[in-house]
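Enquirer: Pasting the sequence and the predicted model now:
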Amino acid sequence: MSALLDVQGVGVRYGDFTALSDISFAVAEGQTVAILGANGAGKSTLLKAITGLLPPAQGRIGFDGLDLAGVPAHRRVGRGIAMVPEGRRLFASLTVEENLLVGARSKRSGPWSLTSIYEAFPLVAERRARRAGDLSGGEQQATAIARALMSNPRLVLLDEVSLGLAPVVVKQVYATLPRIAAEGTTVLVVEQDVRQALAVADHVHCLLEGRTALTAPASDVTVADIAKAYFGVGVDDGDSGHDGVDDEGVVP
Amino acid sequence: MMDLLSGVTPGALLNATVQGVLLGGLYALFAAGLSLMFGVMRLVNLAHGDIAVLAGFGALVTVQATGVNPLVALLLVVPLAAVLGYGVQRGLLTRTVGPSPLPSLLVTFGISVVLQNILLLGFSADQRRLPSGDITQRSVSIGSINVGVLPVAIFVTAVVLLGGLSVFLARTTTGRVIRATRDDPDAVPLMGVNPRHVYGIAAAIAFASVAVAGVAYGTTTSFTPSSGPVLLLFAFEAVIIGGLGRLWGTLVGGVVLGVAQNIGAAIDPAQQILAGHLVFLLILAVRPQGILAGRRAVTA
Amino acid sequence: MSAWRVVRGGIDSVAGGGLLVAAVVVFAALPLFADTGTTVRFITLFIYLVLAVMWNLLAGFGGMVSIGQQAYIGLGAYGLIVLADQVGLDPFLSIPIAGLLAGAVAVPVSFLAFRLVGGYFAIGTWVIAEVARLITVQFNQVGAGSGVSLRALAGTNADARNELTYWWALGLAVSAIGVSVLLVRSPLGLALTAIRDEPTAAASNGVDVTRVKRIVFVVSAAGCGAAGAMLALSSLRVQPDSVFSVEFTAFMIFMVVIGGLGTLEGPIIGAVVFFVLQETLGDYGSTYLVVLGVLAIVVVLFAPRGVWGLLGGGGRVQGFPIRYRVLARKEQP
């Protein structure tokens, strides 16, 4: 399988602050990859770099063999990259259906249309005439995912879809992912909820303070392994005693 | 004071109200563009009235050069205004869109000064009027009131255009994209939409609609290169009286303003504009959110 | 004793202060060796300076763009005529009084104007200015639409009158600068910066945003009123269309934008630049205004900090002692 998304040595800065440093990974077509990490680890920054909202200071992002450098954000949807942004970001004064139609503006050919979306997401179909700003968190999340799918992307990025949602709602949202993967769509999930992410992912990539702390197939890691990478305990942190204090006597 | 009011008969009041309503349609058309630009990009265009005057002069030049009537001249002036709007927005104003209102106010005020003075250099300060043929003479009698055909035609045009704009925003793809950009300009690139392009479209629509209003105005009232500011004030007053954020609100606002002005004129012809201003200030004082109260009040 | 001390000034503000004092001394002595024509021209400069400082106070520090300050210029001008001719006060003393009266009018106006924000606030101030003009011309006592002349100074010696007018104008300009420096230096100035940067945070830190804005609004109106009174005194006549003209706003915007919005030094530089341009190109009427307009647009888009910003000011260099610097206190033995 060739890589659909190829991230090589990417670094991103906000002014003087380095948010990402030397991030490299590849995502094959049809895979579901989870990017994990605590707040501030750089997960959203990585997605912004991929969608073009933030230019990388170093490195290269390749999609379907072509370098994305210089391609502005609003042209990347047409190439096949769609994002479900953090916080849903639905257009509040538009109805659900109108939100979906806006999502279809750059649509490519593919299985998703208003009809098939409504079939796959009955919750969204029920709410189609409602003002998006009036929906509950879970309904908004489902709508946001549906909106991203309307462009028939090859790669869907989901940015912290569990944020602000009750656990039972999060389960419902994640139940839709297999349906998306079944169409052959490549999925990149950014998450803080480790268990949920492990349940859907083929491969995980854990970030800590802007750097890669762990990268492995999902079947090869346990929640405990990830927790260590998540919090910087154990893997590669200069703390060989694993007691929370590094080898120079400083608490990281 | 009683001297003032003695000239005002019920018939005169009724006539003033009718004229005011008709005038209100025109004011609403002036207001639509101002309101659209503010709604989509939070930008108040202080040169708004001057664009109307520019269109008036554009129509004048066309009419003088080709002999067609102003209605036909619109076919040339309106597309040019739209292109100008897109160009000005993307060329000059796009940098000024942001959290602070200062840069856009300063730049559009600058544009207003430059435009007025260029027109003064080109056309002098003489009063101008667009010829409208004998339609100005024709009127219809309804009961005791004489209603001019031209004001009615303008009112109908204005309402039709406002309705068209409303339908455009509500039903078309572009209209939907404009509303989406208004809601969240940072999320809209994820849908393949360039917000700067959308701002350009909004400005094009605003300039085109105010151009129609300007040409219509020019057929009923004489204008000079310095007529822009007073038109800006009328557009603004119609927006605020009607209530922010609603297209039909500007129609209500325009009508209230038109009626206030005409009743004021019936009392004393010299006080037409002052009457409008005073009614505006009164509404600002007692119902600042406007008559068709929008979801948000005007205050911070 | 704390290891730190806060210093407001520095070598640059001492230099700036010295420069200002020297300038004032030179200007004060001017009438003694210059002819009346020159003296009268400088009166115009001082009036421009007051207007620039006052507009900058409102927009640059207060964050409120007004295109209607001409309301107070006009009210101040008419106020002077009324105070001097009809109430019988000394015309020169009437200048500050007219200013205060204009400021007093601004208080109830602010309640109305503050119902609007941003661009709509700006247009609202213009409507108010138009109302001020339209109401003023109702009164035959002040000549209705054709205006009125100042009679209180009729028959006085022109040269002596011009000299006295000149010194009052200089005093007014110095006071305007002084008031703005003191205001910005004070806790009110700090509140203004907080409001400008982040109004919600400022409010939650106990800053009464509306009260602070109202104070700035009223002070700016009073300053413009005094400038208007000065105008009436020096030209001996007021005409409603010229004294309530929006052209004043155009000039104020130009001066402040070119000089440097939001700095104390900016309006001074801007007034000087404008004065020079006015003297050299003013006769070219509309062409001149087009040039001014284009220049202002270019500066806003490409050099938003104005001339003072280009000279390095507004940041590390300041002409007036208003910033706060925390320095380490020298070690105590």
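Expert: Nice, thanks for sending it over.

Enquirer: could you list every residue that touches the residue of the stretch 101-250 of chain B found nearest chain A?
Expert: When you check the stretch 101-250 of chain B against chain A by CB to the nearest CB, the closest residue turns out to be B:Gly192, at 2.9 Å. Heads up, the C-betas are built off the backbone N, CA and C, glycines and all. Shown here is B:Gly192, whose contacts under the criterion CB atoms under 8 Å, 6 or more residues apart in numbering or on different chains are A:74-75, A:77-78, A:105-106, A:151.

Enquirer: Only whichever of those residues are buried, select them in ChimeraX.
Expert: In ChimeraX, the members of the contacts of B:Gly192 classed as buried (16 or more other CB atoms under 10 Å in any protein chain shown) are selected with the following command:
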select /A:74,75,77,105,106,151
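
Enquirer: what's the closest of the contacts of B:Gly192 to chain C?
Expert: Nearest to chain C, judged by CB to the nearest CB, of the contacts of B:Gly192 is A:His74 at 23.8 Å.

Enquirer: doesn't B:Val198 make contact with that closest one?
Expert: No - with contacts defined as CB atoms under 8 Å, A:His74 does not count as touching B:Val198, sitting 10.1 Å away.

Enquirer: list residues touching both of those two?
Expert: Taking CB under 8 Å, 6+ apart as the criterion, A:His74 and B:Val198 both touch B:Val188.

Enquirer: What helix or strand is A:Ser24 located in?
Expert: In this structure, A:Ser24 sits in strand A:17-28 according to DSSP states H and E.

Enquirer: How far does the helix or strand following that strand sit from its chain's centre?
Expert: Remark: after strand A:17-28, the chain's next helix or strand is strand A:32-36, criterion DSSP H and E. Centre-to-centre, strand A:32-36 and its host chain are 7 Å apart (CA atoms, centre = their mean, to the nearest Å).

Enquirer: which parts of chain A sit against chain B?
Expert: Within chain A, the positions near chain B by CB under 8 Å from any CB of the partner chain are A:51-53, A:72-75, A:77-78, A:82-83, A:85, A:89, A:91-94, A:98-99, A:101-103, A:105-106, A:147-148, A:151.

Enquirer: okay, who's weakest in the contacts of B:Gly192 by pLDDT?
Expert: By predicted confidence (pLDDT), the lowest-ranked of the contacts of B:Gly192 is A:Ser106, with 85.

Enquirer: so who does it touch?
Expert: For A:Ser106, the contact set (CB under 8 Å, 6+ apart) comprises A:77-78, A:151, B:191-192.

Enquirer: ditto for A:Gly164
Expert: Contacts for A:Gly164 (CB under 8 Å, 6+ apart) come out as A:87, A:137.

Enquirer: Quick one: classify it as helix, strand or coil.
Expert: Following DSSP: H, G, I helix; E, B strand; the rest coil, we place A:Gly164 in the coil state.

Enquirer: quick one: it from A:Ser136, how far?
Expert: When CB to CB, to the nearest Å is applied, the distance between A:Gly164 and A:Ser136 equals 11 Å.

Enquirer: and if you look at C:Leu172?
Expert: Separation of C:Leu172 from A:Ser136 (CB to CB) stands at 63 Å.

Enquirer: ok, those two, which is more surrounded?
Expert: The residue with more neighbours, out of C:Leu172 and A:Ser136 and counting by other CB atoms under 10 Å in any protein chain shown, is C:Leu172; that gives 23 against 12.

Enquirer: near chain C at all, the host helix or strand of B:Leu26?
Expert: Secondary-structure element containing B:Leu26, defined by DSSP H and E: helix B:10-41. Yes - contact of helix B:10-41 with chain C is found when judged by CB under 8 Å from any CB, involving B:Phe38.

Enquirer: Now the element after that helix, going C-ward?
Expert: Going down the chain from helix B:10-41, the next helix or strand is helix B:48-66, by DSSP H and E.

Enquirer: neighbouring contacts of the lowest-mean-pLDDT helix or strand in chain C?
Expert: When the helices and strands of chain C are compared on mean pLDDT, DSSP states H and E, strand C:325-328 comes out lowest with a mean of 74. Residues lying outside strand C:325-328 but in contact with it, judged by CB under 8 Å, 6+ apart, are C:3-8, C:10.

Enquirer: so where do the helices sit in chain A?
Expert: With DSSP state H applied, chain A shows helices at A:43-51, A:73-79, A:96-103, A:114-120, A:122-126, A:137-149, A:167-175, A:177-182, A:194-200, A:223-231, listed in chain order.

Enquirer: need those in TSV with distance to B:Arg182, can you?
Expert: Supplementary listing: the helices of chain A in TSV, determined by distance: least, CB to CB, whole Å:
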stretch	distance to B:Arg182
helix A:43-51	21
helix A:73-79	16
helix A:96-103	12
helix A:114-120	23
helix A:122-126	23
helix A:137-149	17
helix A:167-175	28
helix A:177-182	30
helix A:194-200	34
helix A:223-231	39
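
Enquirer: quick one: secondary structure of B:Gln89?
Expert: Of the three states, B:Gln89 takes helix under three-state DSSP.

Enquirer: Just confirm it contacts B:His197, I think it does.
Expert: No - checked against CB under 8 Å, the pair B:Gln89 and B:His197 is beyond contact range at 9.7 Å.

Enquirer: Between all of the contacts of A:Ser106, which two are separated the most?
Expert: A:Gly78 and B:Met191 (10.5 Å; CB to CB).

Enquirer: Spell out which parts of the stretch 101-250 of chain C neighbour chain B.
Expert: Contacts of the stretch 101-250 of chain C with chain B, taken as CB under 8 Å from any CB, map to C:112, C:114-120, C:122-124, C:126-128, C:130-131, C:134-135, C:199, C:246, C:249-250.

Enquirer: again, only using 6 Å
Expert: For the stretch 101-250 of chain C, the contact set with chain B under CB under 6 Å from any CB of the partner chain comprises C:112, C:115-119, C:122-123, C:127, C:131, C:134, C:250.

Enquirer: ok, those residues vs B:Pro225, which is closest?
Expert: Here the nearest of those to B:Pro225, counting by CB to CB, is C:Ala250; it sits at 14.7 Å.

Enquirer: quick one: what helix or strand has the closest one in it?
Expert: helix C:247-259.

Enquirer: Please work out which residue of the stretch 101-250 of chain C is closest to chain B.
Expert: When you check the stretch 101-250 of chain C against chain B by CB to the nearest CB, the closest residue turns out to be C:Gly119, at 2.4 Å.

Enquirer: Then the stretch 51-200 of chain A?
Expert: The nearest approach of the stretch 51-200 of chain A to chain B comes at A:Ser106, 2.9 Å away (CB to the nearest CB).

Enquirer: Flag the shaky bits of the chain, pLDDT-wise.
Expert: This is for chain A. A:1-2, A:233-252 (pLDDT under 70).

Enquirer: Actually, chain C is the one I wanted.
Expert: Under the criterion of pLDDT under 70, the regions of chain C flagged as low confidence span C:1, C:313-317, C:330-333.

Enquirer: Now do the helices in chain B.
Expert: Applying DSSP H to chain B gives helices spanning B:2-6, B:10-41, B:48-66, B:70-88, B:102-123, B:149-171, B:173-183, B:195-220, B:228-242, B:247-267, B:272-286.
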